[in-house]
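Colleague: Got a sequence here, can you build the structure:
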Amino acid sequence: MTFQDQSRPPTSAEAWLTAAYDTLTLSGVEAVKIMPLAKRLGVSRTSFYWHFKDREALLEAMIQHWEDKNTGTLVARTEAYAANVCEAIFNLFDCWLDAELFDSRLDLAIRNWARKDSALQHRLDLADVRREQAMAAMLERFGYSPNSALTRARTMVYTQIGYISMQIHQPEDQRIALMPDYIEVFTGQRPSQVDIDRFMARHQPATGS
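Modeller: Prediction:
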């Protein structure tokens, strides 16, 4: 993950955010401190204050990034065009496979951080509800009753939180191959081969000419 625009100086706000992100996801929020970040970037501590009022402002910027990227993108994927519910879930599954859409490492770091920060836990709870409601609304568009849609949405949310929290490491090709089966579990419908092929094509590694 990088926040930095490579055309800007190495002490830009994006550089501080990138260094803070790396520290947060590797070592937790307690390790995100101005002096160690300055040493990592090879700059003076005072240069931090050109970009952020204080450490809390830096932490807030990371939380805002998480909210916009992970929750915002997930909601957008539930609203993307789909001809049927299986295609809609495949659109959502793109988040789990593309770190540009959804950052699992950051989601785990935020969840760990929230255990010790009640204000952040409240924001996390709101984010989870927003994700859940977006998934439920997606299912309702395809004819599921409100109760069924909510139950299925929660199943998807809890499955993904568990996958992230347990830090499951699975070869990507194996994970992708199981996704049609997950859709059948979540929706009660088997995706068509056309929908499967379209999804698989999006996630096949690029090959050279």
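Colleague: Mind exporting the C-alpha coordinates of the strand or helix carrying T23 to CSV?
Modeller: For T23, the host element (DSSP states H and E) is helix 13-27. What follows is helix 13-27, C-alpha atoms only, in CSV (Å, rounded to 0.1, in the frame of the first residue of the first chain):
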residue,chain,number,x,y,z
ALA,A,13,1.9,13.9,3.6
GLU,A,14,1.5,10.8,1.5
ALA,A,15,4.9,9.6,2.5
TRP,A,16,4.1,10.0,6.2
LEU,A,17,0.8,8.1,5.6
THR,A,18,2.6,5.3,3.8
ALA,A,19,5.1,4.9,6.6
ALA,A,20,2.4,5.0,9.2
TYR,A,21,0.3,2.4,7.3
ASP,A,22,3.3,0.1,7.1
THR,A,23,3.9,0.4,10.8
LEU,A,24,0.2,0.1,11.7
THR,A,25,-0.3,-3.1,9.7
LEU,A,26,3.0,-4.7,10.9
SER,A,27,3.2,-3.6,14.5
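Colleague: I'd like to know which elements the host helix or strand of R105 is packed against.
Modeller: Element membership of R105 [criterion: DSSP H and E] is helix 104-114. Other helices and strands packing on helix 104-114, by 3 or more C-beta pairs under 8 Å, 6 or more residues apart in numbering; DSSP states H and E, are helix 13-27, helix 55-66, helix 118-141, helix 146-165. (C-beta placed from N, C-alpha, C; glycine too.)
Colleague: quick one: buried residues of the shortest one?
Modeller: Buried residues in helix 55-66, defined by neighbour count with 16 or more other C-beta atoms under 10 Å: L58, L59, A61, M62, I63, H65, W66.
Colleague: One more: the third one?
Modeller: Applying a neighbour-count criterion of 16+ other C-beta under 10 Å, one finds 120, 123-124, 127-128, 131-132, 134-139 buried in helix 118-141.
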